[in-house]
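[1] Make a model of this:
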Amino acid sequence: MPPRRNKKPLPKHEDESLSEEVDDDTEDTIIAKPSVKRSKPDLAVQWIDKYEPKRVEEVCINPKKLKEVGELIELMIFQRLDCRLLVLTGPAGCSKSTCVKLLAKKYLAEFHLSHITLLKSTDGNIVEYCDSNLEETHQKDHFRDFLDGCKFLVGGNLSLILIEDLPNVFHSDTLASFRIALRDWIFADKPLTLPPVVLCLLEVEMTQSLEPGRKAYYNIDNNLTVETLLGKDLLYLGSAQGLVRRIKFLPIAKTFMKKTLNRIVACEVRVFSKFNKGTLNGFINSMADSGDIRSLICNLQFWSLFPQMPLVQGDPQISLFHAVGKIVHSSSKYQDLDDDQLDALSIKTVADAYSNFSLLYLALLENYQIVNGGEFDIDIASCVVDALSINDTLNDIQESREYGIMAVRANLRRVKVKTSRTHPMKFPRHFKTIRESSRVQREVSDYVRYITRMQLLFRQANLVYGCLLPRIYNLFKYKLLNGRTRFSYNRLGGSFSPVIADDELPVMENEHEFDSREDDQFKADIQQAIMEDSAVQPDENQSDLSDAISESGVDTDEDLNDTLDEGLISSFKKPMLRGKVREAEDILDDPELDMLVSQGML
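    Predicted coordinates:
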């Protein structure tokens, strides 16, 4: 008989555990479909990145604006245009940089296909400037070194230079280096081939005080615009020669915003299936007025996750002329409403979207007459001016800041508009007046300081030297006695001329930027006196700083006693000298005595 095989004992199971295993096995076999659970959206994936446009046709922008930018970029890439700097300005989220990147990839790919190139991909054909601290590069020279390195990106390595990030332009030396680098790039020799440069600038207008007596210049400290960033001379000279082109972007229209949002909603069916269609459309309609597509996509994603939480929408921004147009002509957005509601909503839009009311009132004073081509009753114009004057007296009251725009809109509503013809808007002449006043005050003060060397009030010096003295010096009898000068003596600070309002921004970097353009003998005398003072000053400083070297002798105690005695005597003399100085200052403050001295009678 074969040996019997040992049977392994079966594992012992308790009744309850056995039944559980059987139940589990049977359930797995019977239920084939698992329970469906609603998947939550991935919070790590931002829709702003997920639905980033991949083609030019997907960019949320007006097709006319896209075509305008595309034509310029194509001409710059294929070197059919002398333009070396394209500036795109506008508010945030208006697709400036997005359309530039996609258009550059499109036309650079065509360029490399038509030329012999070693590049296999067009991903690296866009070079963006990033302001960062390099170990061996000074911060103010970083942008210049970046542009110097980009000069070789031509030919088969042609790339587009995109500047979105800026260096610290609020630092004077860094701003000067930034402008010099762009100036050398723009006005380089014509035979030199350079890659195209595109500057995308988010313009920001800051609220500033326009109180009387305070100097408020239209510069980069108050307003970040292309005029204040590049400088007036660089921008206008480059534009006149066709080397600089500028395209202004407006906030994206509601139609294009809704089209982009509806495309995202259609792609996120699982997320928005739980929402009522009316609720979803209401949200899109309420948020599409901002004009910022990037912010709106982020708000849509946040609202899809937390629909019960209220959203805080960013304040819409409008330009100065846009705000003036809504007050003078009212908003075309609410034309279907009656006049009272139309005016109320137009005023509310300006009050919510524009903050620099001081500048707005000055702009209204310059542009209220453009209604109906300037043809309306003089009484209405008088009421508008009176309302703006009353608003100036109520400037300190916070609640009355909207009185001026409400009064202007109410009075202009009385004008019976018969024609759509209108005049171009003009920038307020306030900053030009400040510029001229600062120039006069500076030149009069320099003349008193370096020529007369007297202590005079500006009012007195301006009356005597600014008005009367040039007439005396230009007399034939005076020239016959004292000899002729190289130039004529004009009024200190320049001759007076009417300040004309126009659409040009009165950019002024500082009070020393604008000097009188004409040759003037006063300026020559002041410059000569400054040069003489600067030549004498080092010798005086050297004599003050250098001490005589004396040999140390035995009589140290006697020398110490002598120095102590001299110190005591000088300390007693100081009060007497101060009293004499005060008396001399009191004498110099006498205006009649100053007048006699200036006329040579004393």
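[2] can you pull the pLDDT of the residue lying closest to residue 183 once chain neighbours are set aside?
    Counting by C-beta to C-beta, 6 or more residues apart in numbering, residue 183 lies nearest to residue 234, which is 5.6 Å off, once chain neighbours are set aside. Just so you know, the C-beta spots here come from the backbone N, C-alpha and C atoms, and that holds for glycine as well. You'll see residue 234 listed with a pLDDT of 88.
[3] Tell me the helix or strand right after the helix or strand hosting residue 234.
    For residue 234, the element it lies in under DSSP states H and E is helix 232-240. Using DSSP H and E, the helix or strand that follows helix 232-240 in sequence is strand 244-248.
[4] ok, and what's touching the following helix or strand past that following strand?
    On the C-terminal side of strand 244-248, the closest following helix or strand by DSSP H and E is helix 254-267. Helix 254-267 is contacted by residues 47, 51, 60-62, 272, 280, 284-285, 288-289, 291, 293, 296-297, 300 when judged by C-beta atoms under 8 Å, 6 or more residues apart in numbering.
[5] Return the residues in contact with the residue nearest to residue 183.
    By C-beta under 8 Å, 6+ apart, the contact set of residue 234 is 179, 182, 183, 186, 244.
[6] Pick out the most distant pair among the contacts of helix 254-267.
    62 and 272 (26.9 Å; C-beta to C-beta).
[7] if we can go back for a sec, can you flag which of the contacts of residue 234 belong to strands?
    Among the contacts of residue 234, DSSP state E puts residue 244 in strands.
[8] what's the closest of the contacts of residue 234 to residue 346?
    Using C-beta to C-beta, residue 244 is the member of those that lies nearest residue 346, at 35.4 Å.
[9] Just want to check the distance between that closest one and residue 57.
    Distance, residue 244 to residue 57, using C-beta to C-beta, to the nearest Å: 29 Å.
[10] Give the residue from these two that has the larger number of neighbours.
    Counting neighbours by other C-beta atoms under 10 Å for residue 244 and for residue 57 shows that residue 244 has the greater number, 23 against 9.
[11] Tell me the spacing between the residue nearest to the more buried one when sequence neighbours are not counted and residue 183.
    Among residues not flanking residue 244 along the chain, residue 238 sits closest, at 3.3 Å (C-beta to C-beta, 6+ apart). Per C-beta to C-beta, residue 238 is found 8 Å from residue 183.
[12] go on, residue 500?
    29 Å.
[13] Neighbour count: these two, which is higher?
    Under the neighbour definition other C-beta under 10 Å, residue 500 and residue 183 were set side by side, and residue 183 has more, 16 against 9.
[14] Ranking by neighbours, what's the top pick from the contacts of helix 254-267?
    residue 296 (26 neighbours).
[15] Residue 169 - how many residues pack around it?
    Other residues lying near residue 169 total 18 when counted by other C-beta under 10 Å.
[16] ok, now residue 307?
    Around residue 307 sit 13 other residues, with neighbours defined as other C-beta under 10 Å.
[17] which ones are touching it?
    Contacts of residue 307 were listed using C-beta under 8 Å, 6+ apart, and they are 275, 279.
[18] cool, and residue 381?
    368, 369.
[19] quick one: it is in a helix?
    Yes: Residue 381: assigned to a helix according to DSSP: H, G, I helix; E, B strand; the rest coil.
[20] Would you map the strands across the chain?
    Using DSSP E, strands in the chain cover 85-90, 126-128, 160-163, 197-202, 204-205, 223-224, 244-248.
[21] right, and the residue nearest to residue 244 touches residue 87 too?
    No: with contact defined as C-beta atoms under 8 Å, residue 238 does not reach residue 87; the gap is 9.6 Å.
[22] Which neighbours do those two have in common?
    Overlap of the contact sets of residue 238 and residue 87 (by C-beta under 8 Å, 6+ apart) consists of residue 244.
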